[in-house]
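Undergrad: no FASTA, just this:
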C-alpha cells in the first residue's frame, strides 16, 4: 500500500523500502517509489522543471496513484542529479509493526525542532514490518541508520552477526536504550461476554485466544512470557499452562498487526493478546463500543529499544542527525507524544493529563526476571525450544 | 558434448549464439538459485538433512502443502477444462470479459488475493456469514488453503487447454456421431484423449505453482502448527531463527517431492501417448 506523509518541509512516499544508496538515491519496492520532495532551503538544488513540479504537487491534494507516478519520474530524474542529493541528510529508521503512527508524528516533531536549532531538515524514511524480518533485512544489508525494534534480542543478533554496532549498544542511551515501554493487555469484545479477567480465563474450554506466532513476531514473545510469568507466580506448571493457552489459538498470524486485523476485522476469537498501545489504538480507531481492554493481574514490562547503526553511517552530519534523532526521543515533547500514542514513556512533564491517566497500575515482571534475552531467546523460542515443544506433543 | 551434435540441422544459422544466450539466461534465472540450494544441502550432508526434516511438524506441513496443492489442482483440472470449453465453443454476452478475467490471478499480487478471500470467507464476511450457520468454516481451515490455491492455479489449466480445444476438428465429433456414438462416448473416446496431454501439462503447472505458494495462503490459513501450517511458512520460520540450514533442508525436501510428482505426471503423459498414439 502506498502512503504519503508530509514531514515538515518534505513530502515522503512511504512504503516497503529496500535500501538507500550511498549517493542519496533510494531503491524502493516495485509498486512504489520515494519522492524526495522540495529541495532543502540550505542547499542549492538545480531548478529542474521537475522539482518545480514536485513543489507544486507537494501542497496539492493528490490521488496517491498520481503521486506515485510523479515520484517514479522524480526518482528517475534524481539518479541523473546525484550531486544535489548528496547534501541531504538521510535517516532510515527500521522499525517494527505497531510504531507506524508514532514515528509518523515523531519525525515531524523532530524535524521541526532540528530545523529550529539551525540545521538543515533531515529526510527521514521509515520501514516497518515484523521485528524478526526487519532485523534480518538489516543483517542482509538494508542500510538502516537507526533501528527501533521490539526486542533487544533482535538488536543483539544484528550486532553479533554484522558488527554494525557494538555489543554494549544498550548502555549508549538512558533506560536501557528504551525511550518508551509498553506492556501486554487483553482486548476483548464489547461487554466481555466470556468474562475474561485474567490469564487463567484464557485456558478455559471454548475460549479462543488470538496471538501471533512467537517465531515470527517480537510482540508474541512478550505475550508468551507474560503468560509464563502468571503461571509461575500462581504456582501452576508454566509449560502446561502456556501449552493449553496456545491450543486455544485458532489463528497464528505472523505479525502483531495481522493478529489485530484477525481479531478486529475478521471477528475471530474472544480475546486478543496485544501490545497496550496497539489495544488503545484499536479502541480509538474502531470505536470504544466494539471492544474493551482488560488488564491482567500480571504482565510484562516490554522495552522496545533503539540504537543507531554505526557501520551504516557515512558522514559526521548524518551521525549527528541520527544521534539527535534518538536522543530527542527522551525529550519532554517527544515523551508526551509517545504517551499520546499510548506508550508508557518516562517523562510525563509535558504530557496531557488524560494521556497519563489511561494507564492502569499493573504488576509488571521484566525480562531480567527471566535472565535476559540472550538466555530467553534460545531456551524458549529457539529451534526445539519450549514453544516448539508445545506443538511437538 | 561433441561439436557435431550441437551443429544445427536447420537451414537457419545461429544455433551457437541462441544456445549460448539461452544457457546464460537459464543459469542466472533458474540453475544458479536451485544449484545454490542443492549445494547448501550437499554441504549439510544427507543424514543431517534427514534429521532436520524428520519431525512430526515438518511432515504434517509437507503433507498439507502437497495434499492441498493436489486437491486444488484436481479441482482446477475439471473446472478449468469446463471453463476453457465454454469460452471456446460458445458465443455469449460477456465472453471476452470472462476470457480476460481468467488471467487476473496471474496479475494480482497474491497477498491481495489472500486478504480478499479471507475477508469474504471469514465468519463475519459475505460468504462466511452464509456458510458458518451451516457449520462450514472456510477461512483459517484447510478449505481456505484450497480456495487460495484454486484461485492462483486456475489460469494455468485454462490457458494450456484453450488453444488445443480451438484446434479440435468439429467434423471428427460429427463423424463419431454419424457412426453411432453417443455424446458421452464421443467425449470419452474422441475428445478427452486429444486433450489429455494439454490437461496434464496444465495440471502439472498448477500443481507446481500451488505447492510453493506463500503470499495468499498465509492470510487465509490459520497457520497453526500440525494443522494449517504450510511448508513454505516453516521455511520462513526457520529463516527467522537464522537457521539457514534447516530452511534449506525443508526447501530440498519440497524440491525432491515436487520433482517426483512432475516425473510421475510426465510418465503418465508418455504412457497415454503410447496408448492412444500421437495426437
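TA: That came in fine, so what should we check first? Note that the structure is a prediction, hence the values are computed from the model and not measured. Numbering: from 1, shown residues only, chains lettered A, B, ... in the order given.

Undergrad: make it CA atoms for all contacts and neighbour counts henceforth
TA: Will do.

Undergrad: in the stretch 1-150 of chain A, what spans have low per-residue confidence?
TA: Judged by pLDDT under 70, the stretch 1-150 of chain A has its weakly predicted residues at A:1-87.

Undergrad: Show me what from it comes close to chain B.
TA: When proximity is defined as Cα under 8 Å from any Cα of the partner chain, the stretch 1-150 of chain A approaches chain B at A:132-133, A:136.

Undergrad: taking those residues one by one, which sit in helices?
TA: Among those, the members found in helices (DSSP state H) are A:132-133, A:136.

Undergrad: Assign a three-state SS to residue A:374, would you?
TA: Judged by DSSP: H, G, I helix; E, B strand; the rest coil, the three-state class of residue A:374 is helix.

Undergrad: Spit out the contact partners of it.
TA: Counting by Cα atoms under 8 Å, 6 or more residues apart in numbering or on different chains, residue A:374 touches residue A:153.

Undergrad: Now the phi/psi pair for residue 181, please.
TA: Went with chain A since none was named. Dihedral pair for residue A:181: phi -130, psi 170, per degrees, to the nearest 10.

Undergrad: look at chain B instead
TA: Main-chain dihedrals, residue B:181, degrees, to the nearest 10: phi -80, psi 140.

Undergrad: got the contact list for it?
TA: Counting by Cα under 8 Å, 6+ apart, residue B:181 touches no other residue.

Undergrad: Which one of the residues of the stretch 1-150 of chain A next to chain B sits in the busiest neighbourhood?
TA: Counting neighbours by other Cα atoms under 10 Å in any protein chain shown, residue A:132 comes out on top of those with 27 neighbours.

Undergrad: which residues does that one contact?
TA: A:154, A:216-218, B:240.

Undergrad: distance of the residue nearest to residue A:370 when sequence neighbours are not counted from residue B:140?
TA: Spatial nearest neighbour of residue A:370, excluding adjacent residues (Cα to Cα, 6 or more residues apart in numbering or on different chains): residue A:376 at 6.6 Å. Plainly put, residue A:376 is 30 Å away from residue B:140 if you go by Cα to Cα, to the nearest Å.

Undergrad: how deep is the residue nearest to residue A:370 tucked in, by neighbour count?
TA: By other Cα under 10 Å, 18 other residues sit near residue A:376.

Undergrad: what does residue B:23 give?
TA: Using other Cα under 10 Å, the number of residues around residue B:23 comes to 13.

Undergrad: cool, and residue B:271?
TA: Residue B:271, neighbours per other Cα under 10 Å, totals 12.

Undergrad: quick one: pLDDT of it?
TA: Residue B:271 carries a pLDDT value of 87.

Undergrad: Secondary structure element holding it?
TA: Element membership of residue B:271 [criterion: DSSP states H and E] is helix B:244-276.

Undergrad: So what's the gap between that helix and the chain middle?
TA: Helix B:244-276 sits 12 Å away from the centroid of its parent chain (Cα atoms, centre = their mean, to the nearest Å).

Undergrad: Could you list the buried residues of that helix?
TA: B:245-255, B:258, B:261-262, B:265-266, B:269, B:273 (16 or more other Cα atoms under 10 Å in any protein chain shown).

Undergrad: where's residue A:114, which helix or strand?
TA: For residue A:114, the host element (DSSP H and E) is helix A:100-116.

Undergrad: Report the distance from the helix or strand following that helix to the chain centre.
TA: The element immediately downstream of helix A:100-116 (helix or strand, assigned by DSSP H and E) is strand A:123-127. Centroid separation between strand A:123-127 and its chain, computed with Cα atoms, centre = their mean, is 13 Å.
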